[in-house]
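Participant: Quick one, structure for this:
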Amino acid sequence: MVNERVAVSPEDMHLIRNLVILPVVLSAFECDKIYFEKDKGPGIMSHYVTVVQRAINRIRVDMERLFSTLRERGIDVFEERRNQNGINRVFTFAGQRSVYALYWGAFDAEIDLLTNYYLGNLTDSDRNG
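Facilitator: Okay, the predicted model is just below:
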C-alpha cells in the first residue's frame, strides 16, 4: 500500500498565508496605538487611536474566521514562529504536519495592501484584485 500525501488546496494555502501575514499587520497597528496613546495632547490623537482600534478589532475577527474556516476543512493551524529569516506557521491536514514559511520582504506589498484595507482606504473588491 502506497502512503499518499493529501495536498492542501490552493485556496486553503491562501488562507494559511493570510494567517501568516495578518499578525504582522496586527502588530504594526498595536504599536501605532501605543504610540498614539502616549501623546496626551489635546484631542487629535484620540481620533487616531479610535481608527487604529477599529482596524485591530477587524483583523482579530478576520483571523478568528480564518482559523474557524480552516478547522471546518480539517486543517489545524498552530502558532507562528518568527526568526531572522521570516515567519513560519505549522499546520496539520489529513494527519500530515507541514510548515508554511514566508521570508521577510517577500510580502511587503501585501502588508501595505492589508494596512490600507483595514484602515478603510480600500473596498473588498480592491483587496481581491
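Participant: can we go C-alpha only for contacts and neighbour counts from here?
Facilitator: Noted.
Participant: who touches the residue nearest the centre of the chain in this structure?
Facilitator: Nearest residue to the geometric centre of the chain (Cα atoms, centre = their mean): Leu22, 1.4 Å. For Leu22, the contact set (Cα atoms under 8 Å, 6 or more residues apart in numbering) comprises Ile59, Met63, Ile111, Leu114.
Participant: swap the cut-off to 10 Å and go again
Facilitator: For Leu22, the contacting residues are Ala28, Ile59, Arg60, Asp62, Met63, Glu110, Ile111, Leu114, Thr115, by Cα atoms under 10 Å, 6 or more residues apart in numbering.
Participant: now Ala106
Facilitator: Gly86.
Participant: Mind checking what secondary structure it has?
Facilitator: At Ala106 the chain is in coil, as set by DSSP: H, G, I helix; E, B strand; the rest coil.
Participant: likewise Phe91?
Facilitator: strand.
Participant: Grab the nearest non-local neighbour of it.
Facilitator: Excluding the flanking residues, the one nearest Phe91 by Cα to Cα, 6 or more residues apart in numbering is Val77, at 4.3 Å.
Participant: Hmm, Gln96 and that neighbour touching each other?
Facilitator: No. Using Cα atoms under 10 Å, Val77 is not in contact with Gln96, being 11.9 Å away.
Participant: more neighbours, the two?
Facilitator: Neighbours per residue (other Cα atoms under 10 Å) separate Val77 from Gln96, with Val77 holding more: 22 against 11.
Participant: Right, I'll call it a day here.
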